[in-house]
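[1] Return atomic coordinates for the entry below.
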Amino acid sequence: PVFFFAFLNFSQAAVGRLHDLQTMIDVRAGSKPALDTQADFAKYESELEGTSPQWGIATGAAAANRAAPWLAGGAKLPFDPKALLGPVQAVLYRLNWGNGFTTHMSVVCDGMQSASLLAQLVTAWQNVRGAPAENVSPEVSNFIRGLQVEVKGSRVELTGSGPVQMVDQIMSGPPV
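    The predicted model follows:
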């Protein structure tokens with residue numbers, strides 16, 4: 001993706017994709033609502049604030065769009081993985097840096113049954129994507145196999161850790 005840089009005033013600037021910068025400018029101008037005006041987003045933000053040096057929230061389609069390529073592993077599936085992730089309402093994540101990194105993700109589903117089914121899917125995915133393969137580094141395979149998966153009500157809690165140099169591989173998406 002191409003990133004742009006924009007000065008908002010003498011002491012503030014923003015960087016991001018053109019569409020994202022336009023949205024930020026529209027929010028600052030008052031022509032679009034800010035994220036913190038959405039009750040669910042504000043609730044998630046208050047839950048994460050101060051929990052780690054780096055955290056984020058993906059809601060709705062954004063959560064599914066990020067996860068779907070990892071589930072598919074670069075393969076063409078006979079179904080739309082985004083449809084499978086339809087019950088996901090949000091993904092809350094936090095990263096801690098130290099001797100390596102540790103991440104914790106809370107996948108908020110539309111109910112307890114959806115969370116249970118998603119946890120089963122993640123466990124099956126661990127067995128496939130965590131297996132050694134030509135297109136997956138040993139570090140990423142170990143990370144996937146080592147993910148702790150727990151269902152808490154309508155959430156699937158995922159916790160994992162690994163070497164810092166692996167973060168880029170995970171964030172850039174699966175190899176094709």
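
[2] the helices in the chain, which residues?
    When secondary structure is read from DSSP state H, the chain shows helices at 18-29, 39-48, 61-72, 81-84, 112-129, 138-146, 167-171.

[3] Give me the nearest residue to V2, chain neighbours excluded.
    Nearest residue to V2 in three dimensions, chain neighbours excluded: R17, at 7.0 Å (Cβ to Cβ, 6 or more residues apart in numbering). All C-beta spots, glycine's among them, are computed from the backbone N, C-alpha and C.

[4] actually G146, not the one I typed
    G160 (5.8 Å).

[5] repeat for L95
    Per Cβ to Cβ, 6+ apart, closest to L95 is Q54, 4.4 Å.

[6] Just to check, that neighbour is in contact with T102?
    No. Q54 lies out of contact with T102 (Cβ atoms under 8 Å); the separation is 11.1 Å.

[7] Run through the chain and note the low-pLDDT ranges.
    For the chain, the stretches flagged by pLDDT under 70 are 69-78, 129-136, 171-176.

[8] F5 bridge partners, please.
    When bridges are called by DSSP bridges, F5 pairs up with V15.
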